[in-house]
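Trainee: just need the structure, nothing else, for what follows:
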Amino acid sequence: MAKSTVVSKTVKKPIAKKATKKAAPSKAVSVQKPEKKERSINIKYADKSEGQPELLEIFEAIKKLMLPYDKKRNLVMHMGTGGQANLVSHKPVVIAGRTKEEIWFVSALVQKGYVGFYYMPVYMNDPIKKRISPELLKCLKGKACFHIKKKDASLLKDIDAAIKIGYDAFVKMGWM
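Mentor: This is a model prediction of the structure:
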């Protein structure tokens, strides 16, 4: 009995080693670049635009300001159902040692009682924040979310200027 136990142990070790050696090269050989797919983003969002026609006008005005940046460099406009539009850069970048496959630039969402203008260039970026108009900054209700409650021509001009400022900053940082 002792003989068969020793033999089976010695037989198993070389087989396991050979299997490991064969598996490693086949993995390296089988690695191929994946085909380019259309990049998309998944957002769980409940449409809050129903019954708020005044907010849809604001949303459409902000979306119109975002459209010139669609397909500019790596930016892509993603449209959701109802009142939702997102400009996202699909250029992989390294930020703080971590690779990000996409960088969100600006978004507009119809919320309950306001249109959320999500402006990521202002997030933790005081130099950009200082360049935004004081009237627009009054609408800032978080780190990067502006609550737009009325369709005001001067406020829309400020949003347009902010998008340009953010775009130029992201290009300068190499994120687009």
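Trainee: now Glu54. Nearest residue, chain neighbours left out?
Mentor: With C-beta to C-beta, 6 or more residues apart in numbering as the criterion, Glu54 has its nearest non-adjacent residue at 7.3 Å, and that residue is Lys151. All C-beta spots, glycine's among them, are computed from the backbone N, C-alpha and C.
Trainee: so what's Tyr118 up against?
Mentor: Shown in contact with Tyr118 (C-beta atoms under 8 Å, 6 or more residues apart in numbering): 104, 106-109, 144-146.
Trainee: what do you get for Ile132?
Mentor: Shown in contact with Ile132 (C-beta under 8 Å, 6+ apart): 122, 158, 161-162, 165.
Trainee: which of those are buried?
Mentor: 122, 158, 162, 165 (16 or more other C-beta atoms under 10 Å).
Trainee: ok, the first one touching Leu136?
Mentor: Read that as Val122. No. Here Val122 does not reach Leu136: they are 9.7 Å apart, not a contact under C-beta atoms under 8 Å.
Trainee: find the residues that touch each one of those two.
Mentor: Counting by C-beta under 8 Å, 6+ apart, the common neighbours of Val122 and Leu136 are Ala162.
Trainee: so where is the chain shaky, pLDDT-wise?
Mentor: Within the chain, the set of residues satisfying pLDDT under 70 comprises 1-51, 81.
Trainee: where along it do the helices fall?
Mentor: Assigned by DSSP state H, the helices in the chain fall at 2-30, 53-66, 126-131, 134-137, 153-173.
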